[in-house]
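> starting from these lines, generate the structure:
(one chain, ligands or ions: 1)
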Amino acid sequence: MITVRPVKPGDIEGLSRHVKPTPLLHEARAQLQRDERALYLVALDDETPVGHALLKLPPLGNEHPRLAHTPEVEDLFVAAASRSAGIGTRLLREAAAAARARDHHRLGLAVGVENGGALRLYERAGFTDSGLGEFWVEGAHEVCRYLVKAL
Ligand SMILES: CC(C)(COP(=O)(O)OP(=O)(O)OC[C@H]1O[C@@H](n2cnc3c(N)ncnc32)[C@H](O)[C@@H]1OP(=O)(O)O)[C@@H](O)C(=O)NCCC(=O)NCCS
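Residues are numbered from 1 along each chain as shown. The predicted structure is shown next:
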């Protein structure tokens, strides 16, 4: 059974082994969550991590164009073997619910213009282009657009 919940200290090893081999990145996001600057959502298949999404809470930086006072989903990711089973959609839905529960009325995210699979997922979930144009995202090494959804 798939569950989605905020990261716990014991998840870092499983996230590194089963989702992305980047323990320092997972730990940095867990620290952002402890600092209440983000929520690091983990999808688990029974006890095994299979995906994650970082919900960043405003105020956010200005490393790329984004909407003011708007939380943002970053690095929605599902382990390759677990894709096309609705887990990405579920993580996104939980991120939206968590933002709404914190009294935010819209949710933003940057997506690579060539990432057709992710674009389809976001459009199905009700995200539309925010009109901020295309921009280069250094960390992701890709040209992105900014999408937004009213909550
Ligand atoms: C983008 C990503 C997060 C999607 O995760 P996912 O768990 O596969 O997403 P979903 O299962 O919700 O949707 C993916 C597809 O599976 C289909 N699907 C969902 N549930 C399904 C089910 N029960 N049975 C069959 N197909 C299903 C969806 O219709 C969708 O189809 P499409 O690709 O034709 O649009 C994943 O592919 C990924 O990690 N990619 C690499 C990282 C990335 O690009 N992240 C986005 C950054 S902006």
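> following the lowest-mean-pLDDT helix or strand in the chain, which helix or strand comes up?
Lowest mean confidence among the helices and strands of the chain (mean pLDDT, DSSP states H and E): strand 135-137, at a mean of 95. Next along the chain after strand 135-137, taking DSSP states H and E as the criterion, comes strand 142-150.
> what lies in contact with that following strand?
The set of residues external to strand 142-150 that reach it, using C-beta atoms under 8 Å, 6 or more residues apart in numbering, is 64-67, 70, 96, 105-115, 122, 125-130, 132-137. Heads up, the C-betas are built off the backbone N, CA and C, glycines and all.
> and stretch 143-151, how far out from the chain's middle?
12 Å (C-alpha atoms, centre = their mean, to the nearest Å).
> low-confidence ranges in the chain?
Filtered on pLDDT under 70, the chain yields no residues whatsoever.
> tell me the SS of whatever residue of the chain ends up closest to the ligand?
Distance from the ligand to each residue of the chain (C-beta to the nearest ligand atom) is smallest for residue 88, at 2.4 Å. Using DSSP: H, G, I helix; E, B strand; the rest coil as the criterion, the local structure at residue 88 reads helix.
> show me which residues of this protein are close to the ligand?
Within the chain, the positions adjacent to the ligand are 76-78, 83-89, 111, 115, 117-118, 120-121 by C-beta under 6 Å from any ligand atom.
> picking up where we left off before, report the buried members of the contacts of strand 142-150.
The neighbour-count test (16 or more other C-beta atoms under 10 Å) marks 64-67, 70, 96, 106-111, 122, 127, 130, 132, 137 as buried among the contacts of strand 142-150.
> restricted to strands, list these.
If you go by DSSP state E, the buried ones among the contacts of strand 142-150 have 106, 107, 108, 109, 110, 111, 137 in strands.
> as a markdown table, these with distance to residue 20 would be great.
As requested, those are exported to a markdown table (distance: C-beta to C-beta, whole Å):
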| residue | distance to residue 20 |
| --- | --- |
| 106 | 28 |
| 107 | 22 |
| 108 | 22 |
| 109 | 18 |
| 110 | 18 |
| 111 | 18 |
| 137 | 17 |
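> what about the closest residue to residue 82 other than its chain neighbours, neighbour count?
Spatial nearest neighbour of residue 82, chain neighbours left out: residue 50 (4.1 Å); criterion: C-beta to C-beta, 6 or more residues apart in numbering. Number of residues near residue 50 (other C-beta atoms under 10 Å) recorded here: 23.
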